[in-house]
Structures are given as structure tokens and as C-alpha cells.
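Peer 1: model this:
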Amino acid sequence: MRLTPVSAMAAALLLAALPATAYEQTFADPGVVVSAPGLGGGPALKVELHAEAVPQADSTRICAGRFLRELVKRPDMPDRDRIYRAPLDQANFLVLYILEAEGRKTLHAHLLGALRGSQCLEAHFSRPMQSEDEAESWRRSFAGASLRAAPGR
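Peer 2: Predicted coordinates for the structure are as follows:
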């Protein structure tokens, strides 16, 4: 089927208006859905989920505090004032920073939360930085991101 020029233009405009594909993945163990509606995907994006049993994991705030204390102790981490950290909502916390190794910069994001009052969750996202002005769009891409229990859990 061949599109008329007007139909082709309308189709192109419609595609341009659609948002980027959202990132969403269900991890069977520990039964968590990781969602970042503005992030999209792509072959360069790496995502890992870590769950740690913590008896006092009553809130995301507790889990975020534990995570940040450990993060700043890691070798080659940026100074604490160069690490963006903020709650996204009552159940999700975001940590962002850029690491440089061998002349290449990598964007990092950690989405933090608590699961059923017994586990601290960390979804770690990373991808190579393509341009210097990319950091702000990386931060904005996590608006509305969440960690939540998978259906049926």
C-alpha cells in the first residue's frame, strides 16, 4: 500500500508526537516492577535490580539513607555535592551522578525503594554519555519512575 503525500506527512507527524517508549521490566525475584515512563530503552542502557533483606526497611527514606552512606564510600565516586538525590514521591527516591573512566563519561541513576517492609530495593541504570548537555534530560527521564510490587505479590 502506498501512502499519499498528505497521508505520509500525517503519519510522520503522529509518530513524532508519540512519546519515547517507556522502560518497564518485571523482575520475578523479588517480584518487582521497575518502571521509568520517560526513559525509553536502547542497546546502550544497562539495568540491574538489587534487593537486600533489611529487617528495618519500613520506608524508602530508611533504604535511601543506607544506600547513600554506602555509595559515597565506593572508590572513584564524585564528591557528595556532585551527586543528585531527591525523592520522586513517598515510595521512590532517585540518585544521579556521572562517572568518568578512560576519558569516557557514563550516566548513572539509582531508583530506590522498600518492598513489604523487609527489603531495600535498588534499580541501577547506566548508559554512556553522548554529549555534555545530556545530564538534565537524563534526570528528567526519571520523572514518574517507580519500583512497585509485581501483580499477584
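
Peer 1: What segments of the chain are strands?
Peer 2: In the chain, the strands defined using DSSP state E lie at 23-27, 32-36, 46-53, 84-87, 93-101, 104-115, 119-128, 146-149.

Peer 1: what's the angle between the second one and strand 104-115?
Peer 2: Orientation note: strand 32-36 sits at an angle of 130 degrees relative to strand 104-115 (axes from the mean of the first three to the mean of the last three Cα atoms, to 10 degrees).

Peer 1: Remind me what strand 32-36 packs against, helices and strands.
Peer 2: If contacts are counted by 3 or more Cβ pairs under 8 Å, 6 or more residues apart in numbering; DSSP states H and E, strand 32-36 sits against strand 23-27, strand 46-53, strand 104-115, strand 119-128, strand 146-149. Backbone N, C-alpha and C define where each C-beta goes, glycine included.

Peer 1: likewise the first one?
Peer 2: Contact analysis of strand 23-27 by 3+ Cβ pairs under 8 Å, 6+ apart lists strand 32-36, strand 46-53 as its packing neighbours.

Peer 1: now the ones you listed in CSV, with mean pLDDT and mean neighbour count?
Peer 2: Converted to CSV, those look like this (pLDDT from 0 to 100; neighbours: other Cβ atoms under 10 Å):
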stretch, mean pLDDT, mean neighbour count
strand 32-36, 96, 21
strand 46-53, 94, 14
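
Peer 1: Format those as TSV; extra columns: distance to Leu94.
Peer 2: Listed next are the helices and strands packed on strand 23-27 as TSV, based on distance: least, Cβ to Cβ, whole Å:
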stretch	distance to Leu94
strand 32-36	10
strand 46-53	14
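
Peer 1: so which of those strands gets nearest Ser118?
Peer 2: strand 46-53 (6.3 Å; Cβ to Cβ).

Peer 1: what residues does the closest one touch?
Peer 2: Where contact means Cβ atoms under 8 Å, 6 or more residues apart in numbering, the residues beyond strand 46-53 that reach it are 23, 25, 27, 29-30, 32, 34, 115, 118-127.

Peer 1: tell me the contacts of Ile83?
Peer 2: Leu68, Leu71, Val72, Met77, Val95, Leu96, Tyr97.

Peer 1: Could you tell me which of those count as buried?
Peer 2: Listed as buried from the contacts of Ile83 are Leu68, Leu71, Val95, Leu96, Tyr97; burial here means 16 or more other Cβ atoms under 10 Å.

Peer 1: just curious, which of these is nearest to Arg61?
Peer 2: Of the buried ones among the contacts of Ile83, the one sitting nearest to Arg61 (Cβ to Cβ) turns out to be Leu68, at 10.7 Å.
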